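In: this one's structure only:
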């Protein structure tokens with residue numbers, strides 16, 4: 001007679017996707033930005049009058065219209081990736097138990113990730129949603145920021161030269177792994193204290 005429990009998959013072993021925090025449309029960061037906007041508008045009004053404030057406002061509305069399609073595309077990409085990526089494989093490769101290998105994968109992925117912040121941050125959010133841990137995601141974002149091949153080839157090499165760019169990348173290589181390891185260590189300690 002075979003044990004029926006041995007044929008059933010153990011639910012505790014299958015990684016569960018991280019529950020997404022509900023984002024508030026108006027939080028402390030929005031409040032701080034609003035205060036800074038009002039103070040800046042008052043200073044511009046004092047110096048240039050209403051015409052100066054309206055000129056900046058109309059310019060910013062035009063800029064907002066140009067940026068919105070990129071923001072929409074980046075957020076859509078992040079949402080689609082979260083739906084398509086296999087949770088178990090992401091959790092195994094980039095999850096809390098992935099060790100140094102997860103940090104190296106996150107670093108490599110961040111280095112080759114094309115695009116600007118409208119791509120990188122939604123992708124990082126999608127990875128967190130499907131089982132990547134804070135350490136690997138931090139390594140990815142830091143690597144995208146410091147190493148990102150797209151900016152290095154397009155901007156840095158032509159302006160700063162190949163010698164400078166290559167040395168800067170070589171010197172920056174350990175930083176994403178160290179940041180990810182520190183992020184993983186701190187996150188685990190803070191989480192343990194909050195659950196006590």
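Out: Arrived safely, thanks for sending. The structure presented is a predicted model; accordingly, all values stated were derived computationally and were not measured.

In: Residue 70 and residue 124, how far apart?
Out: Residue 70 is 16 Å from residue 124, where distance means Cβ to Cβ, to the nearest Å. Bear in mind the C-beta positions are built from the backbone N, C-alpha and C, glycine included.

In: Looking at these two, which one has more neighbours?
Out: Between residue 70 and residue 124, residue 124 has the larger neighbour count (other Cβ atoms under 10 Å), namely 23 against 14.

In: Secondary structure class of the more buried one, three-state.
Out: helix (DSSP: H, G, I helix; E, B strand; the rest coil).

In: looking at it, it is touching residue 140, isn't it?
Out: Yes: here residue 124 reaches residue 140: they are 6.0 Å apart, a contact under Cβ atoms under 8 Å.

In: In terms of secondary structure, what does whichever strand or helix holds residue 56 contact?
Out: According to DSSP states H and E, residue 56 maps onto helix 28-84. Applying 3 or more Cβ pairs under 8 Å, 6 or more residues apart in numbering; DSSP states H and E, we find helix 28-84 packed against helix 117-129.

In: What is the helix it packs on packed up against?
Out: Short answer (3+ Cβ pairs under 8 Å, 6+ apart): helix 117-129 packs on helix 28-84, helix 134-146.

In: Point out the most buried one among those.
Out: Comparing the helices and strands packed on helix 117-129 by mean neighbour count (mean count of other Cβ atoms under 10 Å), helix 134-146 comes out on top with a mean of 25.
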